[in-house]
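> Next comes the sequence, and after it the predicted model I'd like to discuss.
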Amino acid sequence: MASIPTLKQVPDAPVAPVPSGTPPQAVRGRRRLRARILLLTTMVAATAVFVYPLIWLVSASFKPQSEVFDNRLIPRSPTLQNYVEIWNAAPLALWMGNTVLVTVLAAVAVTLSSSMVAWGFAYYRFRGRNALFFLVLATMMLPGAVTLIPTFLIWNALGQVGTLTPLWAGNLFGSAFYIFLLRQFFLGLPRQIFEAARTDGANDWQLFRHFALPLCKPALIVTLLFEAQAAWTDLMRPLIYLRDSDTFTVPRGLKAMVDQFGFAGNWHWELIVTASVITTLPMIVLFFVGQRHFIEGVATTGVKG
Amino acid sequence: MLFISPWILGFLVFTLWPILYSGYLSLTDYDVLSDPNYIGLENYRELAEDPRVVLSLRNTLFYTALSVPLHVGISLMLAMLLMRAQRATGFFRTAFYLPNMTPPVAVGILLLLLFNGHDGLVNAVLGIFGIPGPDWTTDSTWIKPGLVLMSLWTLGGSTIILLAALNNVPRDLYDAALVDGAGAWRRFITVTVPMISGTLFFLVIVNTIAALQSFTEAYTAYFGAGNGTYSNDAALFYVIYLFRQAFEFLNMGFASAMAWLLFGIIMVITAVQYVVGRKLVFYEGEDGG
């Protein structure tokens, strides 16, 4: 566990080394230019593959039903009709409200609890610490399917099935991945700071609240953003726990629309497409707000502990 | 310790107890409405005899075997290209990651639209090159390849992880290889691959575990709600069948047995990968490579 996640900007790559058997200057320059053009063309093509489906989706949401499948980028007769219809066909505002509530609660809950636990594992030395921490890591290996049914039965016994509670309340107990991430970060902080604060009379809680947490803000932001994304996009748990359309989250509502407008035989792809855009857009906004943190967080994920 | 108490509580209530109870349920007949009825290993015997368990397992393994190598391989290619993009790296990195923000439900819907056999975008593009595309979403031979291709849309995360690993490879190793007269391919094999093998190994394991549990995209695209009127066996993944057994047919005992079988399969595959990986992965500070 020696390496410390730096959460620093991944530096841009230096220029690739020039191959051996060096040709004369002019030829080399031309060759390098050609390689550069080839590289950029490939990259732009790859970008198109990744980004075009999203642009296509947005464009299709402005097309009338008859045009959804023609693949032109600019709709021939652009219309807002789909947005109006979807607004009337589904309690979208309610779904949005539910999803925002679940997302915020889930992200805040997991960040608070995971940082507490991570701090406990990073700062304090106690008997069985390593064994317990190994257990934390081991739970990451457990497939969700094993705990799925008993967890449902717990919420059922508590009378919470049909409410939004099961979608976030479990997060109050921390999550192995974030505990691991945050612990690595805490371990990287210089211990002297805390010893000094302690000498000045800070108690355990103050140490955590006023010194540890502020110093690990970047890692906390990564946790918040990752969990917000996970909570917003989750489908399986809303499928299991939500019954009435009034309690649906946006992805759950979207699935209901696929069933209604797709599988039920009255193909209204223009409405499904529009609902997809509405479901996806908040995530795109979140990404552009927290872009740097997302990319750094993902890059850190692969760092072996 | 006070600080770790939330996790201890959570572990006991939401991990340990569920594991034990799920183990017990797998030995019972349980429909939630009446009490569990102990039936011994009956569920496990039924697992082997249920053709859909076998089918969903085959589908899942096929999907995993196809998607993981492609996912990691293409991510590596893109990461290598990103290394050379210099100042534009940041822009392309952002563009490649963007699809990862798309909710899996929406990815499932995009699959149905883009891979639509008649007027989908994918076949339109193939048409430009004179290739007649198949009916990706309705022809049962092409449904899984379609799902694999769609899953590759979200490989940006792996690309970013590999890019970070590539950036950590010491430059002087390349310089040394260059002095020794190693060509581009030779440098890739002798320097790049060994130095990032730990990350490659991590990605293979993580992606395999994820692929074995894939659910949302295929469920959205090929399975209707509730009564199970619409379903497509070619897209029946293991977790989808488990989910339907548990929450649509209320066979909680049978589904628990399925969960334990999945756990076993994941353990075996991960263990095999780990043993193979130990031989192939190069760790700094060890001898050789």
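Happy to help now that I have it.

> From chain B, how far out is A:Phe294?
7 Å (C-beta to the nearest C-beta, to the nearest Å). Every residue, glycine included, has its C-beta placed from N, CA and C.

> That residue contacts A:Phe288, correct?
No. Applying C-beta atoms under 8 Å as the test, A:Phe294 and A:Phe288 come out as separate, 9.5 Å apart.

> Could you pull up the mean pLDDT of stretch A:187-198?
For stretch A:187-198, mean pLDDT is 91.

> In chain A, which helix is the longest?
Longest helix of chain A, by residue count under DSSP state H: helix A:25-60.

> List the buried residues in that one.
Buried residues in helix A:25-60, counted by 16 or more other C-beta atoms under 10 Å in any protein chain shown: A:39, A:43, A:46-47, A:50, A:53-54, A:56-60.

> and what of stretch A:86-105?
A:86, A:90, A:92, A:95-96, A:98-100, A:102-103, A:105.

> Tell me the gap between it and the middle of its chain.
19 Å (C-alpha atoms, centre = their mean, to the nearest Å).

> Do any residues in that stretch lie close to chain B?
No. With C-beta under 8 Å from any C-beta of the partner chain as the criterion, chain B is not reached by stretch A:86-105; the gap is at least 10.2 Å.

> A:Gly128 and B:Ile4, how far apart?
A:Gly128 sits 11 Å away from B:Ile4, going by C-beta to C-beta, to the nearest Å.

> An error on my part: the question was meant for B:Val105.
35 Å.

> what about the two, which has more around it?
Neighbour comparison, B:Val105 and B:Ile4: the larger count goes to B:Val105, with 29 against 23 (by other C-beta atoms under 10 Å in any protein chain shown).

> Please enumerate the helices of the stretch 51-200 of chain B.
For the stretch 51-200 of chain B, the helices defined by DSSP state H, counting those that start in this stretch occupy B:51-84, B:89-97, B:104-114, B:121-128, B:140-151, B:156-167, B:171-179, B:184-187, B:193-212.

> by contact count, what packs against the first one?
Right, helix B:51-84. Applying 3 or more C-beta pairs under 8 Å, 6 or more residues apart in numbering or on different chains; DSSP states H and E, we find helix B:51-84 packed against helix A:25-60, helix B:89-97, helix B:140-151, helix B:156-167, helix B:193-212, helix B:238-243, helix B:252-280.

> Closest residue of the stretch 151-300 of chain A to chain B?
Proximity of the stretch 151-300 of chain A to chain B (C-beta to the nearest C-beta) peaks at A:Phe173, 2.3 Å away.

> Quick check: closest non-adjacent residue to that residue.
Excluding its sequence neighbours, the residue lying closest to A:Phe173 (C-beta to C-beta, 6 or more residues apart in numbering or on different chains) is B:Gly10, at 2.3 Å.

> now do B:Val72
Sequence neighbours aside, B:Leu203 is the residue nearest to B:Val72 in space, at 5.2 Å (criterion: C-beta to C-beta, 6+ apart).

> I am assuming the one you found contacts A:Val298, so please confirm or correct that.
No. Counting by C-beta under 8 Å, B:Leu203 stays clear of A:Val298, with 11.7 Å between them.

> shared neighbours, those two?
B:Ile161 (C-beta atoms under 8 Å, 6 or more residues apart in numbering or on different chains).

> where does chain B have low pLDDT?
Scanning chain B for pLDDT under 70 picks out B:1, B:225-230, B:284-289.

> residues contacting the residue positioned nearest the centre of it?
Closest residue to the average C-alpha location of chain B: B:Ala211 at 2.1 Å, with C-alpha atoms, centre = their mean. Neighbour list for B:Ala211: B:60, B:63-64, B:67-68, B:151 [criterion: C-beta under 8 Å, 6+ apart].

> go again using 7 Å as the cut-off
B:63-64, B:67-68 (C-beta atoms under 7 Å, 6 or more residues apart in numbering or on different chains).
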